[in-house]
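1. Generate a structure from the sequence data that follows.
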Amino acid sequence: MNSSQTGCGKVKINLGSGFSGLPQWLNYDNSIVARFSRFPFLIRVCVRLGLLVPGYLGLKWPPVVCHDCRRGIPKGDNAVDCVYTSHFLEHLYRHEVIAMLKEAYRVLKPGGLIRVVVPDGKQIAQKYLSTSDDFDPPLPDDCCISFTRCDWFSAQFLPVDMNMSVKPKFKRRFTEYFLRHHKWMYDYESMCALLRYAGFININLCDFRKGEMDDVEKLDVHMTGSLHVEARKP
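-> Numbers count the residues shown, from 1 in each chain. Just a heads-up that it's a prediction; the model follows:
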């Protein structure tokens, strides 16, 4: 049986799965960390060098196919039942997201379901507007300047170096290569527009771990500040 099929024969793929993918899904991830996950000693070295946080130690990764889906999803037309992607699309440029959604549409069977989870730009903006001026976010140990709520807001969208009083060090530059920054942000209306442009219908705003997607109670891991949207291919 194909590794992307469950016992009932469904073909289910997870784009940019990270370590939270499920064994019964076909998990695509092209990140450096995903590639290193096959070699735990490399993860330990990266943590020791400060390139990754200690939380990466001991993580159990599901089977992952290291493939850059910006080059296309390696499935035939009308071949997939479900497409899931969580906190991945915001790390792509907008034109890449449009191409990715069109690819998801291509591989999905008629009636197939897609679920997109991204940071919710509207929630982030509302938090900024509702937070007092004395907002005191957590800071990295080497940050030697104050960090205002406007700085926090900017950091949600752009690759911001919080220690702006010093020039970026090699370690920080190298870390950015491991952990890709956000390229674009979305709210419900903008995500709906992209899904419609790709051809999807029946677009619905969903709650955390609620919806029609298979295994959604296990797949969704980002509750706070996230936008969950489902849509179908006609």
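
2. buried set for the longest strand anywhere in the chain?
-> Looking across the chain with DSSP state E, the single longest strand is strand 108-119. For strand 108-119, a neighbour-count test (16 or more other C-beta atoms under 10 Å) marks 108, 112, 113, 114, 115, 116, 117, 118, 119 as buried. Placement of C-beta: from N, CA and C, glycine included.

3. distance between stretch 197-205 and the chain's centre?
-> Relative to the centre of its chain, stretch 197-205 is centred 19 Å away, using C-alpha atoms, centre = their mean, to the nearest Å.

4. What's the mean pLDDT across it?
-> For stretch 197-205, mean pLDDT is 98.

5. Now that stretch: buried residues?
-> Within stretch 197-205, the residues scored as buried using 16+ other C-beta under 10 Å are 198, 200, 203.

6. Flag the helix or strand of this structure with the lowest per-element mean pLDDT.
-> helix 170-178 (a mean of 61; mean pLDDT, DSSP states H and E).

7. Following that helix in sequence, what is the next regular element?
-> helix 188-198 (DSSP states H and E).

8. name the helices or strands packed onto that following helix?
-> helix 94-107, strand 108-119, strand 201-206, strand 226-232 (3 or more C-beta pairs under 8 Å, 6 or more residues apart in numbering; DSSP states H and E).

9. the domain parsing of this structure - what is it?
-> As given by automatic domain parsing, the domain ranges for the chain are 12-121+183-232, 123-178.
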